[in-house]
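Chemist: sequence and computational prediction follow.
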Amino acid sequence: MTRLFNGIVAFGSALLLAVTLIGSGFAAVAIPDAATATLSRAFSGCDQPNTPFTADELSSMAIAGKHYTFDDNDREKLNAAIAEANDSAEADGRASALSRGSAARTLPADAISHLDDVYRVASVAKPALVIVSVICIAGLAHVAVRINRRALGRTLMAGGGLVLAAFCALGVWAAIDFDGLFAAFHSLFFQAGTWTFPYDSLLITLYPTAFWMGMGGIWLAVTCIASIICIIVGRLLCSESK
């Protein structure tokens, strides 16, 4: 009975480790501002040469949008950032006050609704990933103490290998059809029609396809590096236990 229980714990820990590793990539793009700031400066407005906003203004609004979506959901702060960018554009003669209410210069109700949908998903995902990580650590500790270091090594390699295999498949999909992958990912969490917007809308200007490809690349890199570390540590533990 004990052997069966230990096997179940080891198997479950490998699965939880895989989720934790994927969560580490999510945390890298969702928690700090660095990824959003860097990618928005590089890509926001790249498909909209006629946007009235400067790179600094676009970056400021993109970061404010990230805060609204993943951090505080503070509408006043988001509105203030958008208003400041519009005020600056109008003061410099880059935009007219008559077009301030257009979707190209503000976030209409449907765009805000989508950001709120993302916030609700993120609000569940973040604590859930913390709980998974804590249970994962407890499971790995059980494997190390109650079974042996070699079993821990195998569990680490299994979790890391599972993630690398899944991400390799996703990477191939993204290289062949990023838009298809993007659509499939959104369809898991959001209703059809709630996350598509005109190409010249402010939301798409701030977060174009290139921006999301960059985010995906960071997520992929962080998760794969963490997975490789797990595999290396796992191999070392297995070799030490022989």
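Modeler: Looks like it arrived, so ask away. Numbers count the residues shown, from 1 in each chain.
Chemist: hang on, Leu78 packs against Asp116?
Modeler: No - in terms of C-beta atoms under 8 Å, Leu78 does not count as a neighbour of Asp116; the distance is 11.0 Å. Quick note: C-beta positions are derived from backbone N, CA and C, even for glycine.
Chemist: the two: who's more crowded?
Modeler: Between Leu78 and Asp116, Leu78 has the larger neighbour count (other C-beta atoms under 10 Å), namely 21 against 14.
Chemist: what about the helices in the chain?
Modeler: Using DSSP state H, the helices found in the chain span residues 2-30, 34-43, 55-66, 75-91, 109-142, 149-189, 202-206, 209-240.
Chemist: which elements pack onto the worst-scoring helix or strand of the chain on mean pLDDT?
Modeler: Taking mean pLDDT, DSSP states H and E as the measure, the helices and strands of the chain show their lowest mean at helix 149-189, namely a mean of 90. Helix 149-189 is packed against helix 2-30, helix 109-142, helix 209-240, with contacts defined by 3 or more C-beta pairs under 8 Å, 6 or more residues apart in numbering; DSSP states H and E.
Chemist: Asp74: which of the ones you listed is closest?
Modeler: The stretch from the helices and strands packed on helix 149-189 with the least distance to Asp74 (C-beta to C-beta) is helix 109-142; that distance is 10.6 Å.
Chemist: quick one: buried residues of that closest one?
Modeler: Using 16 or more other C-beta atoms under 10 Å as the burial criterion, the residues of helix 109-142 that qualify are 111-112, 114-115, 117-119, 122, 125-126, 129, 132-133, 136, 139-140, 142.
Chemist: elements contacting it?
Modeler: When contacts are defined as 3+ C-beta pairs under 8 Å, 6+ apart, helix 109-142 packs onto helix 2-30, helix 149-189, helix 202-206.
Chemist: skipping adjacent residues, who's closest to Asp117 in space?
Modeler: In this structure, Asp117 finds its nearest non-sequential neighbour in Phe190, 5.5 Å apart by C-beta to C-beta, 6 or more residues apart in numbering.
Chemist: re the thing from before, and the helices of the chain, which is most packed in?
Modeler: Ranked by average neighbour count under the criterion mean count of other C-beta atoms under 10 Å, these are headed by helix 202-206 at a mean of 24.
Chemist: how about the residue nearest the centre of the chain, what does it touch?
Modeler: For the chain, Phe26 is the residue whose C-alpha lies nearest the centre (C-alpha atoms, centre = their mean; 4.1 Å). By C-beta atoms under 8 Å, 6 or more residues apart in numbering, the residues touching Phe26 are 125, 129, 219.
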